[in-house]
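Visitor: Below are the sequence and a predicted model for it; my questions follow.
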Amino acid sequence: MPDTVVSVSSPAAAPAAKRKGPRGKVVIYPNWCKGCHICVDFCPTEVLAFIPSQEYPLVQQPEKCTACHFCDTHCPDFAIIVRSIE
Amino acid sequence: MNEKREQNILDAATLTADEALIPQADWMERSGVLQKLRKNKKFPTIWCSGCGIGVVMGALIRAIDHLGLKSDDVALVAGIGCTARMPVYLDFNTLHTTHGRALAFATGLKIARPDMKVIAIMGDGDALAIGGNHFIHAARRNIGITALVVNNATYGMTGGQYSPTTPVGRRATTAPYGNVEPPFPVCDLAIAAGASYVARSTVYHALELDKFLAEAIAKDGFSLVEAVSYCHTTYGRLNKLGTAADMMRALKDNSIAKNAYDKLSDEQKASNSKIVRGNFVNKDRSEYTGIYQNLIANVRGD
């Protein structure tokens, strides 16, 4: 199990994304995650996804993150952190 | 055992995915919340996967952090129950006491150290059933304690018995055909008893909870914040309310802001079954420890 799952919505990752507004970097710490999937259920832009082969969520579309900070304020185990990036 | 805990923390601090993106030192800075957690405790917490108490814990840390209080100036007092495990994970002065007596111990602490910010963390059963008398009398005296009541409508730790806040008709392990007792309106009880600050929010509205907690801790007199949470493991399973995410969504759908509630007609208010969120009371009354210090000064003839 990896210690951290990091994803960055960099311009290279999303060349076609001309979207303006804030963007975020999602970091998941699987050691602290219990797999309740509150973050997956509530993510408004479907950045996170549930895959059956692992307990913790997958950062599937990192470039869509708008840094709304729902997931890191509602994670009961502090296992997910969103950092706003320029 | 300690080595194992140490290892657990090191595991979280050791980064393999992309060290260039997140430097090692970043673990401490990765969130303001994590800096207030105890470094010698094993994480994740003992609560069930998805439990709302963790969200309340985050809100409490953010509120204390927002006020800029030093860790040594804050005392957390807790009784027994799921919610009362919260101070165990937090790096403040903490007191883990007997069932229902969190406010009794907190009263003694506040009288001995009036300069300290004393926060009593209780569950619904802890605050209203076993410690019900302490609750109303702390509010009556208006002693400067912040009572944080996490209301999940059941006794979660002991297996889902019905508590004083279980709604009528809901099932519990001790009410297999539905609960027949009307629940306590926690905020109304505190208002009637004379609390100076009363607010209610839910774990879905976590940032609102931050704001209310910060205001309550800053308030001089007795302040109550009711954080409506959920228990999906016992209460939710018996009542077929779904997963933790489903119950959190239900809190969003079944709550109404106080501003919107005030605009309703009397008929609509009477038939309202939603949780009203908001700040109900924010008034200034003379605080108990201040009155007591004045009394001592008068009797001594200072």
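Guide: Structure received.
Visitor: Per-residue pLDDT of residue 50, please?
Guide: Since no chain was named, I'll use chain A. The score at residue A:50 is 88. That number is its pLDDT.
Visitor: Correction: the question concerned chain B.
Guide: Note for residue B:50: predicted pLDDT of 91.
Visitor: what do you get for residue B:70?
Guide: pLDDT, residue B:70: 88.
Visitor: now do the one 10 residues further on
Guide: For residue B:80, the pLDDT comes out at 93.
Visitor: Look up phi and psi at it.
Guide: When read as degrees, to the nearest 10, the backbone of residue B:80 gives phi -130, psi 150.
Visitor: can you map out the strands along chain A?
Guide: For chain A, applying DSSP state E gives strands covering A:5-8, A:23-28, A:48-49, A:58-59, A:80-85.
Visitor: residue in the stretch 101-250 of chain B nearest to chain A?
Guide: Among the residues of the stretch 101-250 of chain B, residue B:245 lies closest to chain A, at 3.8 Å counting by Cβ to the nearest Cβ. All C-beta spots, glycine's among them, are computed from the backbone N, C-alpha and C.
Visitor: picking that back up, CSV for the strands of chain A, including distance to chain B and mean neighbour count?
Guide: What follows is these, written out as CSV (distance: least, Cβ to the nearest Cβ, whole Å; neighbours: other Cβ atoms under 10 Å in any protein chain shown):
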stretch, distance to chain B, mean neighbour count
strand A:5-8, 4, 20
strand A:23-28, 7, 23
strand A:48-49, 12, 19
strand A:58-59, 11, 18
strand A:80-85, 5, 18
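Visitor: rank these by pLDDT, which is bottom?
Guide: Among the strands of chain A, strand A:5-8 carries the lowest mean pLDDT, a mean of 60.
Visitor: Ignoring the adjacent residues along the chain, who's closest to residue A:57?
Guide: residue A:48 (4.5 Å; Cβ to Cβ, 6 or more residues apart in numbering or on different chains).
Visitor: Which residues are in contact with the nearest residue to residue B:160 once chain neighbours are set aside?
Guide: Among residues not flanking residue B:160 along the chain, residue B:234 sits closest, at 2.9 Å (Cβ to Cβ, 6+ apart). By Cβ atoms under 8 Å, 6 or more residues apart in numbering or on different chains, the residues touching residue B:234 are B:154, B:156, B:159, B:160, B:172, B:173.
Visitor: Please list only the buried members of those residues.
Guide: Among the contacts of residue B:234, those classed as buried by 16 or more other Cβ atoms under 10 Å in any protein chain shown are B:154, B:156, B:160, B:172.
Visitor: was I right about the third one contacting residue B:235?
Guide: Yes: under the criterion of Cβ atoms under 8 Å, residue B:160 makes contact with residue B:235 at 5.9 Å.
Visitor: Now for those two: what residues contact both?
Guide: With Cβ under 8 Å, 6+ apart as the test, residue B:160 and residue B:235 both reach B:154, B:172.
Visitor: residue ranges with poor pLDDT in the chain?
Guide: All of this is about chain A. For chain A, applying pLDDT under 70 flags the ranges A:1-19, A:86.
Visitor: actually chain B
Guide: Looking at chain B by pLDDT under 70, you get B:1-33.
Visitor: now with 90?
Guide: B:1-45, B:62, B:65-71, B:91, B:269-273, B:301-302 (pLDDT under 90).
Visitor: all strands for chain B, in order.
Guide: B:74-78, B:93-96, B:117-123, B:145-151, B:154-155, B:161-162, B:197-202, B:223-228, B:255-257, B:275-282.
Visitor: hmm, back to that, OK, contacts around the residue of the stretch 101-250 of chain B closest to chain A?
Guide: Taking Cβ under 8 Å, 6+ apart, we find residue B:245 in contact with A:36, A:37, A:38, A:40, A:41, A:42, B:50.
Visitor: Including distance to residue B:274 and neighbour count, could those residues go into CSV?
Guide: Listed next are the contacts of residue B:245 as CSV, based on distance: Cβ to Cβ, whole Å; neighbours: other Cβ atoms under 10 Å in any protein chain shown:
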residue, distance to residue B:274, neighbour count
A:36, 25, 25
A:37, 26, 20
A:38, 21, 28
A:40, 26, 20
A:41, 21, 18
A:42, 20, 17
B:50, 23, 27
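Visitor: and the two most separated of the buried ones among the contacts of residue B:234?
Guide: Maximum pairwise distance among those (Cβ to Cβ): 10.8 Å, between B:156 and B:172.
Visitor: Now the common contact residues for the two.
Guide: Each of B:234, B:235 lies in contact with both residue B:156 and residue B:172 under the rule Cβ under 8 Å, 6+ apart.
Visitor: Nearest the geometric middle of the chain, what residue?
Guide: No chain specified, so I'll use chain A. residue A:26 (3.9 Å; Cα atoms, centre = their mean).
Visitor: Am I right that that one is in contact with residue A:49?
Guide: No: checked against Cβ under 8 Å, the pair residue A:26 and residue A:49 is beyond contact range at 11.7 Å.
Visitor: Please list the residues of chain A that sit near chain B.
Guide: Residues of chain A lying near chain B by Cβ under 8 Å from any Cβ of the partner chain: A:2-6, A:8, A:25, A:27, A:29, A:31-38, A:40-42, A:72-79, A:81, A:83.
Visitor: for residue B:187, what are its contacts?
Guide: Contacts of residue B:187 by Cβ under 8 Å, 6+ apart are B:198, B:199, B:200, B:224, B:226, B:280.
Visitor: would you list every one of the helices in chain A?
Guide: Listed in chain order, the helices of chain A (DSSP state H) span A:38-42, A:70-74.
Visitor: I figured residue B:156 hits residue B:232, correct?
Guide: No: at 9.6 Å, residue B:156 does not count as touching residue B:232 under the criterion of Cβ under 8 Å.
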